[in-house]
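*Asks:* everything below, folded, please.
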Amino acid sequence: MTPVRHREIVLIGAGPASVSAALQLERLEQDILMISPETGGCVRYARKLENLAGFPGGITGSAFHTRLRRQAQSLRIPRLPETVTRLDFREGRFHARTDKSLVTANTMVVGTGTLPIRLDTPGEREAFDSGRIVHYSEDLKPLSPERVLIVGGGDVACDSALALAEQGVRVRMVVRGGRMRALDSLLAQVKTITGISIEYSARPERILSDNNHITLQCRRDGESMAFTAEAILVAIGRRANLDFLSRDFPFRETDRENRFFLVGDAAHPGHRQVAMAMGDGMRAAMEIVNSSKGACG
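*Replies:* Numbers count the residues shown, from 1 in each chain. The predicted structure follows:
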């Protein structure tokens, strides 16, 4: 039988937004439970956070991730180390189901971040399953590639290219459009690195891979071309990680009246800013507590 437990407030996810909310709720002695297989979220993949107040000169995503985890652990924020597979809302209560547990709550905070968008190109799934296609540069370590193709021209693509180039990896960026979409400061850095080359207006059509190499077949101006490397990193965008919401789940954005709060990157997938996510989580926590006081009064 699936064990059932109830908490007044449940937080799904444990990235900067959820942890910020949990820190404030725990400080105010609220009955909370976080559900997430790990703490810290995807911030650990960021090469450097340069716009976070309080960190002159910036801080690496890995270092910030470590600090976030340590803080959550030191305060002993209760966490269920499982993944929510389905979230329902029935009879005025939230029901979060994992493969092992069922947790109900009167208030729900969802800070599950984002998922990478795939190319949907023939051969992609097979290459992804074999580890030849990844979405984060850290996932390339088992391969130790000398050459990597990066599909994308935004901030994450450029950030990944710089991180790999710093490790001595030769990078070829494949941009589907005619220009890059990254910040000017990132573009300036990319263009000064001799180990990074850029191909514009190359539309991926097919992916072929074997035990040692992977080839990206593209089309540009009606002509076919192919680029070969040891691995491909796809960074063409991200979408809100909300696939676990049931089909009839009534809320797709924050609904304060029904005590549902969507925070962080899950609420703003187009921004993906740590500072914004943390403020989002803090605001949700304050509104939850204030509304509870109002209800008691």
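*Asks:* show me what the longest helix belonging to the chain is packed against.
*Replies:* Secondary structure of the chain read by DSSP state H shows that its longest helix is helix 274-296. For helix 274-296, the packing partners by 3 or more C-beta pairs under 8 Å, 6 or more residues apart in numbering; DSSP states H and E come out as helix 16-27, strand 102-110, strand 260-262. Bear in mind the C-beta positions are built from the backbone N, C-alpha and C, glycine included.
*Asks:* how many other residues sit next to Asp265?
*Replies:* 30 (other C-beta atoms under 10 Å).
*Asks:* what of Gly54?
*Replies:* The tally of other residues near Gly54 (other C-beta under 10 Å) stands at 6.
*Asks:* how about the strands of the stretch 151-297 of the chain, start to end?
*Replies:* 170-174, 196-199, 203-209, 214-220, 223-229, 231-234, 238-240, 260-262 (DSSP state E, counting those that start in this stretch).
*Asks:* so for the first one, mean pLDDT?
*Replies:* This means strand 170-174. Strand 170-174 carries an average pLDDT of 98.
*Asks:* buried ones in it, by neighbour count?
*Replies:* 170-174 (16 or more other C-beta atoms under 10 Å).
*Asks:* for the closest residue to Ile236 other than its chain neighbours, give me its contacts.
*Replies:* Distances taken as C-beta to C-beta, 6 or more residues apart in numbering place Gly152 nearest to Ile236, at 4.6 Å, with adjacent residues excluded. Residues near Gly152 by C-beta atoms under 8 Å, 6 or more residues apart in numbering: 173-176, 234-237.
*Asks:* next: Arg239.
*Replies:* Contact analysis of Arg239 by C-beta under 8 Å, 6+ apart lists 114-115, 117, 269.
*Asks:* cool, Val274 as well?
*Replies:* Counting by C-beta under 8 Å, 6+ apart, Val274 has contacts 16, 43, 46, 49, 52, 64.
*Asks:* what is the nearest of the residues you listed to Ala165?
*Replies:* Closest approach between these and Ala165, by C-beta to C-beta: Ala46, at 16.1 Å.
*Asks:* leaving out sequence neighbours, find the closest residue to that closest one.
*Replies:* Gly61 (2.9 Å).
*Asks:* which residue packs closest to His268, ignoring adjacent ones?
*Replies:* Counting by C-beta to C-beta, 6+ apart, the residue nearest His268 is Met276, at 6.4 Å.
*Asks:* ok, so of the contacts of Gly152, who is nearest Val103?
*Replies:* Nearest to Val103 among those: Gly237, at 31.5 Å, using C-beta to C-beta.
*Asks:* for Gly92, see how far away the nearest residue to the closest one once chain neighbours are set aside is.
*Replies:* Closest residue to Gly237 apart from its sequence neighbours, by C-beta to C-beta, 6+ apart: Ile117 at 4.5 Å. In this structure, Ile117 and Gly92 are 35 Å apart, going by C-beta to C-beta, to the nearest Å.
*Asks:* show me which of those two is the more surrounded one.
*Replies:* Neighbour count, other C-beta under 10 Å: between Ile117 and Gly92, Ile117 has more, with 15 against 8.
*Asks:* quick one: low-confidence parts of the stretch 1-150 of the chain?
*Replies:* 1 (pLDDT under 70).
*Asks:* all strands of it, in order?
*Replies:* 4-12, 32-35, 79-80, 86-90, 93-97, 102-110, 114-116, 133-134, 147-151.
*Asks:* re earlier: most packed of the strands of the stretch 151-297 of the chain?
*Replies:* Among these, strand 231-234 has the highest mean neighbour count (mean count of other C-beta atoms under 10 Å), at a mean of 27.
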